[in-house]
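>>> need a structure here:
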Amino acid sequence: MHRNDSALSPGYSKAMSYFMSHVAVPIAVGAVAVVLLLGLINTMRGGSPWTSQKLMRLRVMLQFIAIVVIMFAAWVMSK
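From the prediction side, this is the model:
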């Protein structure tokens, strides 16, 4: 049995588009912002360089995830 994307109901596409643009993208961008702020606060307080390095690595990973989520949202919204 072959599944065709055009066979999906318009309500499903609209709900997925809404979820991606109003929930998933803001959460991904917010996570990047929070980790960035934590890293800046740690640096300004003269905190551990090890902690700063871990936060930087986490921020880079979250930025990658945010880009993937944004690109997927753009793809879903174009359908």
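>>> Only C-alpha atoms from now on, for both contacts and neighbour counts.
OK.
>>> I'd like to know how far residue 46 sits from residue 55.
In this structure, residue 46 and residue 55 are 14 Å apart, going by C-alpha to C-alpha, to the nearest Å.
>>> no, scratch that, I was asking about residue 30
Here residue 30 is placed at a distance of 15 Å from residue 55 (C-alpha to C-alpha).
>>> who's more crowded, residue 46 and residue 55?
Using other C-alpha atoms under 10 Å, the more surrounded residue of residue 46 and residue 55 is residue 55, with 19 against 10.
>>> What helix or strand is residue 71 located in?
helix 49-78 (DSSP states H and E).
>>> Who are the packing partners of that helix?
Contact partners of helix 49-78 among helices and strands, from 3 or more C-alpha pairs under 8 Å, 6 or more residues apart in numbering; DSSP states H and E: helix 10-19, helix 25-44.
>>> May I ask which helix or strand of the protein has the lowest mean pLDDT?
helix 10-19 (a mean of 84; mean pLDDT, DSSP states H and E).
>>> Go ahead and name everything in contact with that helix.
73, 76-77, 79 (C-alpha atoms under 8 Å, 6 or more residues apart in numbering).
>>> Next, give me the two most distant ones among those residues.
Maximum pairwise distance among those (C-alpha to C-alpha): 10.2 Å, between 73 and 79.
>>> In terms of neighbours, single out the busier of the two.
Set side by side, residue 73 and residue 79 give different neighbour counts by other C-alpha under 10 Å, the larger being at residue 73 (20 against 11).
>>> Can you name the residues that contact the more buried one?
For residue 73, the residues meeting the contact criterion (C-alpha under 8 Å, 6+ apart) are 17, 20-21, 25.
>>> give me that answer again for 7 Å
Residue 73 is in contact with 17, 20-21, counting by C-alpha atoms under 7 Å, 6 or more residues apart in numbering.
>>> quick one: contacts of stretch 49-69?
25, 28-29, 32, 35-36, 39, 42-43.
>>> quick one: least confident of the residues you listed?
In terms of pLDDT, the weakest of the contacts of stretch 49-69 is residue 43, which scores 92.
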